[in-house]
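**Student:** what's the 3D shape of this:
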Amino acid sequence: MTMINYSMQLEKYIDYLQNEERSIATVCQYERDVLRFFSFLNLKELTKDAVLQYKQELMKAYQPVSVKLSALNSFFSFIGRDDLKLKLLKIQRSVYCSEEKELSKSEYFRLIQAAEKKKNKRLALLLQTICGTGIRVSELKYITAAAVNCGEAVIQLKGKTRTILLPKKLQKKLKNYLRRERIVEGPVFITRTGRPLDRSNIWKMMKNLCRDAGVDAKKVFPHNLRHLFARCFYSIDKDIARLADILGHSSINTTRIYIITSGTEHRRHLDALRLVV
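**Tutor:** Residues are numbered from 1 along each chain as shown. Reported below is the predicted structural model:
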């Protein structure tokens, strides 16, 4: 297969992923992973030996957890070359997460306070909407005036439909915001031109709060708000299946990643066992 054929196959593969309603982030990541492999191959013949050599190079360059072979296996299946598929690395799931990456509840409140001090009511409310419902940033467009008025939003993503409830306090805040901004229909969080805020806009706005809030910028991004919601919800409800439904996860294994606690909290649980005299 020539590089021209590779490119043509990749284009068809990307179209396939999009038709399967994979998220934009997933499609982009898979495309990058396959292109990285093409670059490594550098016009060489596509053989199992070449694929195995690429896997070895990845393992040298990246931490095991970062070695992602799923995209390649998916691509090989798409082009009818299952014989090239690789065995995925078996990695023990961590029982706790790094505190350098985990956004705490107190840090979340400091971000809201920083947004309010900047008189950015929209951003302060946006943070509370994502964290108060557990939605993805890409699902924010489903928080509409109609959804606020009835207290629930119907979200359609990745071929699935689910309904999420708005907490009463959040619903009241959103109603006040709609009145103040004179928004009577469509998405609540929009730009000056009336278009829904996109991921990059929200990302930048959140990063701009970090210094004033005294929060490490590495912790501050929309998806971490979703993780915080998951941990807080699970700490009260302890029902992982229900949490998976609320988050829109097809697999509970995905939900498990969201409820991993910090090393400090894990150590506190170990100490509470009182098994060391």
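
**Student:** So which residues of this structure form helices?
**Tutor:** 3-19, 24-41, 48-61, 70-78, 105-117, 121-133, 145-150, 168-181, 199-207, 210-213, 222-237, 240-247, 252-258, 263-272 (DSSP state H).

**Student:** most tightly surrounded among the ones you listed?
**Tutor:** Highest mean neighbour count among the helices of the chain (mean count of other CB atoms under 10 Å): helix 121-133, with a mean of 21. (Each C-beta comes from the backbone N, C-alpha and C, glycine too.)

**Student:** Might you quantify the distance of it from its chain's geometric centre?
**Tutor:** How far helix 121-133 lies from its chain's middle: 16 Å, per CA atoms, centre = their mean, to the nearest Å.

**Student:** Run the angle between that helix and helix 199-207 for me.
**Tutor:** Taking axes from the mean of the first three to the mean of the last three CA atoms, to 10 degrees, one finds helix 121-133 and helix 199-207 inclined to each other by 100 degrees.

**Student:** Point out where the chain drops to low pLDDT.
**Tutor:** 1-4, 43, 63-67, 90-100, 261-270 (pLDDT under 70).

**Student:** can you list the domains in it?
**Tutor:** Under the assignment automatic domain parsing, the domains of the chain span 3-84, 105-268.

**Student:** I'd like to know which of the ones you listed is closest to Arg274.
**Tutor:** Of all these, domain 105-268 sits nearest to Arg274, with 12.1 Å by CB to CB.

**Student:** ok so, going back, okay, the domains of the chain in a markdown table with distance to Leu275 next?
**Tutor:** What follows is the domains of the chain, written out as a markdown table (distance: least, CB to CB, whole Å):
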| stretch | distance to Leu275 |
| --- | --- |
| domain 3-84 | 30 |
| domain 105-268 | 13 |
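
**Student:** Val276 is nearest to which of the ones you listed?
**Tutor:** Closest of the domains of the chain to Val276 is domain 105-268, at 12.1 Å (criterion: CB to CB).

**Student:** Off-centre distance for the closest one?
**Tutor:** Mean-position distance between domain 105-268 and its chain equals 12 Å (CA atoms, centre = their mean).

**Student:** what's Thr161 in contact with, if anything?
**Tutor:** Under the criterion of CB atoms under 8 Å, 6 or more residues apart in numbering, the neighbours of Thr161 are 154-155.

**Student:** What's opposite it in the beta bridge?
**Tutor:** Gln156 (DSSP bridges).

**Student:** re the thing from before, who wins for proximity to Val277 among the domains of the chain?
**Tutor:** Val277 sits nearest to domain 105-268 of all those, at 17.7 Å, using CB to CB.

**Student:** picking up where we left off before, any chance of the helices of the chain in TSV with distance to Thr193 as columns?
**Tutor:** Below are these laid out as TSV (distance: least, CB to CB, whole Å):
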stretch	distance to Thr193
helix 3-19	26
helix 24-41	21
helix 48-61	43
helix 70-78	36
helix 105-117	22
helix 121-133	14
helix 145-150	17
helix 168-181	14
helix 199-207	12
helix 210-213	27
helix 222-237	21
helix 240-247	31
helix 252-258	34
helix 263-272	44
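
**Student:** and Leu140, how far is that from Glu45?
**Tutor:** Separation of Leu140 from Glu45 (CB to CB, to the nearest Å) stands at 47 Å.

**Student:** Revised request: answer the last question for Gly80.
**Tutor:** Taking CB to CB as the measure, Gly80 and Glu45 are separated by 17 Å.

**Student:** ok, for Val184, nearest residue in space, not its chain neighbours?
**Tutor:** Ala145 (5.9 Å; CB to CB, 6 or more residues apart in numbering).

**Student:** The one you found contacts Phe189, correct?
**Tutor:** No. Counting by CB atoms under 8 Å, Ala145 does not reach Phe189; the two are 11.1 Å apart.

**Student:** Closest to the centroid, which residue in the chain?
**Tutor:** With distances taken as CA atoms, centre = their mean, the residue of the chain nearest its centroid is His223 (4.6 Å).

**Student:** my guess is that residue meets Val137, correct?
**Tutor:** Yes. Counting by CB under 8 Å, His223 does reach Val137; the two are 7.0 Å apart.

**Student:** Alright, calling it a day.
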